[in-house]
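**Q** Quick one, what's the 3D model for this:
(one chain, ligands or ions: 2)
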Amino acid sequence: MEYKNPLGVDIDLETGVIPGAKKLVRRLSDLKGYFVDEKAYEELLKENPVVYEVYAIEQEEKDGDLNFATTVLYPGKVGREFFFTKGHYHSKADRAEIYYGIKGRGGMLLQTPEGKAEWIEMGPGTVVYVPPYWAHRTVNTGDEPFIFLAIYPADAGHDYGSIAEKGFSKLVVEENGEVRVVDSPKWKE
Ligand SMILES: O=P(O)(O)OC[C@H]1O[C@](O)(CO)[C@@H](O)[C@@H]1O
Ligand SMILES: [Fe+2]
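**A** Ligands and ions are numbered 1, 2, ... in the order given. Model (predicted):
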């Protein structure tokens, strides 16, 4: 039997950086078609800001193993919609996931394939359990970076397809200075 080596790393709780992790950067241009207000999207695209960064420690895609990653989701809006991560189902759809809030404020939008949505607010110390089969997207509703840790099965995979096409059934928007979860005009059953 070949055993893998255990690993301990310290997440920088101010910046979200995991030493030795693989870094992924998603700019606004990587989120084409994701925001409802296309005019506001094109306008902000001139600056093409970084929307989020992911620091991931990933294993081979094998049953039983675990990956973990921090995400630094920057504050901002496209029109009325707060900055968010792309959001995905798992390719192996029955794989669950755990999120843990580290810094800043935001929340998670979850959705079943039929379009039943849930919104869970997150701050430092919040644990969110993502059950099997639910798509999940995080949203920064604050004015500082929203940083969190995700722990997920190594063989879960990412299925971005249907979210990229029609999004979530709900949008998280600012209305009169307040955070509101409203129906998405893009959603069709
Ligand atoms: O994969 P997305 O939807 O862009 O969101 C990024 C975050 O979600 C994860 O894919 C885990 O669900 C992490 O890699 C990262 O924390
Ligand atoms: Fe996931």
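
**Q** what bridges to residue 110?
**A** Beta bridges link residue 110 to residue 118, residue 136, judged by DSSP bridges.

**Q** For the protein, which helix or strand comes out least confident on mean pLDDT?
**A** The weakest-scoring helix or strand in the chain, judged by mean pLDDT, DSSP states H and E, is helix 161-166 (a mean of 92).

**Q** Whatever helix or strand comes next after that one packs against which elements?
**A** Moving toward the C-terminus from helix 161-166, the next helix or strand (DSSP states H and E) is strand 170-175. For strand 170-175, the packing partners by 3 or more C-beta pairs under 8 Å, 6 or more residues apart in numbering; DSSP states H and E come out as strand 81-82, strand 106-111, strand 117-122, strand 178-183. C-beta coordinates here come from the backbone N, C-alpha and C atoms, glycine included.

**Q** and the angle for strand 170-175 with strand 106-111?
**A** Angle between the axes of strand 170-175 and strand 106-111 is 150 degrees (criterion: axes from the mean of the first three to the mean of the last three C-alpha atoms, to 10 degrees).

**Q** Now strand 170-175 - C-alpha only, PDB.
**A** What follows is strand 170-175, C-alpha atoms only, in PDB (Å, rounded to 0.1, in the frame of the first residue of the first chain):
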ATOM      1  CA  LYS A 170     -32.900  34.200  -8.400                       C
ATOM      2  CA  LEU A 171     -30.700  37.300  -8.600                       C
ATOM      3  CA  VAL A 172     -29.000  39.000  -5.600                       C
ATOM      4  CA  VAL A 173     -29.300  42.700  -6.100                       C
ATOM      5  CA  GLU A 174     -29.000  46.000  -4.300                       C
ATOM      6  CA  GLU A 175     -32.300  47.900  -4.000                       C
END
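
**Q** near ligand 1, which residues of the protein?
**A** Residues of the chain lying near ligand 1 by C-beta under 6 Å from any ligand atom: 54, 56, 69, 71, 85, 86, 87, 88, 97, 150, 152, 158.
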